[in-house]
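> Dropping the sequence and predicted coords here.
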Amino acid sequence: MSKKFSQPHLLGIKDITRDDIELVFETADNFKAIINRPIKKVPSLRDVTVANIFFENSTRTRISFELAQKRLSADIVNLTASSSSVSKGETLIDTVNNILAMKVDMVVMRHPAPGACQFLAKHVDAQIINAGDGTHEHPTQALLDAYSIREKLGDVKGKKIVIVGDITHSRVALSNIYCLKKLGAEVMVCGPTTLIPKHIESIGVKVEHDLMKALNWCDVANMLRIQLERQDIKYFPSLREYSMLYGLNKERLDKLNKEIVIMHPGPINRGVEITSDVADSAHSIILDQVENGVATRMAVMYLLAGQKG
Ligand code: CP
């Protein structure tokens, strides 16, 4: 019997199992081979219509989902907040139900409110994929990040991964923590006290405020952007001071007595959390993460659509 994804939606990594994650990886391996062939398209989602609804800005996630849908031969409609009737006062459920009335099967949604995708999944009759909901989760980012670690280091289990920066406001951090822990990695978060949530140790991560100690501990450093757009108060004195204490630069990497893998989910603030010479160095797998996003998202949509068969 072929393996199936355990959930009807992908709302967060918290809800899925280790088997689900491994199934996504195995499926993504096949799709990665396909999208590197001269003919990159397969008919797997030929009868599926997907709506990409983005109420927040996005470059990577939006293009990656759309390319993944095109490679799978799905029909696609795209909606952004600025071009939708939400700006005229329409509710989220009305907006989505109107789209579904036009026979849409799957909705990929990014929304600034944590829990917006869970809410939608309860109230509309379509499969929902969370493309980032506020400070809550960004599950496909975590899947592509873990897939990229597996590709680079052979396995995620037993690897030491530090997530550096604005953990408090980061949906990428939370989804990565759930995903990496489920796969058996050791996870540390590093940043100023003000940007690390209190009691985060309770979900099984270590906390370190000294970047050099964290870098000496880890196999992989995932550098996060400071999410100024989500910060209602000042969490540190200045970007210059943040960069001096928590920015990854070549000088810091040269002081380590080992090589580590550098990741970043993007968008990068060059010169703040990471310098260009590190972001563009041989240690960095930032563009591999972007490439793997397409295969990973193809796998997620293929597996979800397969549940209806
Ligand atoms: N990593 C990520 O979610 O990037 P975008 O905001 O550009 O989609």
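That came in fine, so what should we check first? Note that the structure is predicted; figures quoted are calculated from it, not measured.
> Over to the closest residue to residue 273 other than its chain neighbours: give its phi and psi.
Leaving aside its sequence neighbours, residue 273 sits nearest to residue 223 (C-beta to C-beta, 6 or more residues apart in numbering; 4.8 Å). All C-beta atoms are positioned from the backbone trio N, CA, C, and that covers glycine. Backbone geometry at residue 223, expressed as degrees, to the nearest 10, gives phi -90, psi 120.
> got it, and residue 190?
phi -140, psi 130.
> Also residue 135?
phi -90, psi 10.
> that older thread, my read: the residue nearest to residue 273 touches residue 249, true?
No. In terms of C-beta atoms under 8 Å, residue 223 does not count as a neighbour of residue 249; the distance is 10.9 Å.
> what do the two both touch?
Taking C-beta atoms under 8 Å, 6 or more residues apart in numbering as the contact rule, the neighbours common to residue 223 and residue 249 are residue 274.
> Look at the two and report which has more neighbours.
Set residue 223 next to residue 249 and count neighbours by other C-beta atoms under 10 Å: residue 223 wins out with 25 against 15.
> picking that back up, OK, contacts around the residue nearest to residue 273?
164, 165, 248, 262, 263, 264, 273, 274.
> biggest separation within those residues, which pair?
The span of the contacts of residue 223, defined through C-beta to C-beta, is set by 165 and 262 at 12.9 Å.
> Quick check on these two: which one has the bigger neighbour count.
More crowded of residue 165 and residue 262, by other C-beta under 10 Å: residue 165, with 30 against 21.
> show me where the chain has strands.
49-54, 75-80, 106-111, 127-133, 160-164, 186-190, 206-208, 220-223, 261-263 (DSSP state E).
> ok, the fifth one near the ligand or not?
It refers to strand 160-164. No. Counting by C-beta under 6 Å from any ligand atom, the ligand is not contacted by strand 160-164; separation bottoms out at 13.6 Å.
> That strand vs strand 186-190, what angle?
Counting by axes from the mean of the first three to the mean of the last three C-alpha atoms, to 10 degrees, strand 160-164 lies at 20 degrees to strand 186-190.
> that older thread, which one, of the strands of the chain, ends up nearest to residue 300?
strand 127-133 (6.5 Å).
> which parts of the stretch 1-150 of the chain sit against the ligand?
Near the ligand, when you scan the stretch 1-150 of the chain using C-beta under 6 Å from any ligand atom, you find 58, 59, 60, 61, 62, 132, 138, 141.
> Just flag the most distant two among those.
Most distant of those, by C-beta to C-beta, are 59 and 138, 13.8 Å apart.
> Quick one: residues contacting whichever residue of the stretch 101-250 of the chain sits closest to the ligand.
The stretch 101-250 of the chain approaches the ligand most closely through residue 141 (5.3 Å), counting by C-beta to the nearest ligand atom. Listed by C-beta under 8 Å, 6+ apart, the contact set of residue 141 reads 61, 132, 171, 172, 175, 176, 265, 293.
> Low-confidence regions, the stretch 151-300 of the chain specifically.
Residues of the stretch 151-300 of the chain meeting the criterion pLDDT under 70: 228, 230-231, 233.
> Perfect, I'm done here.
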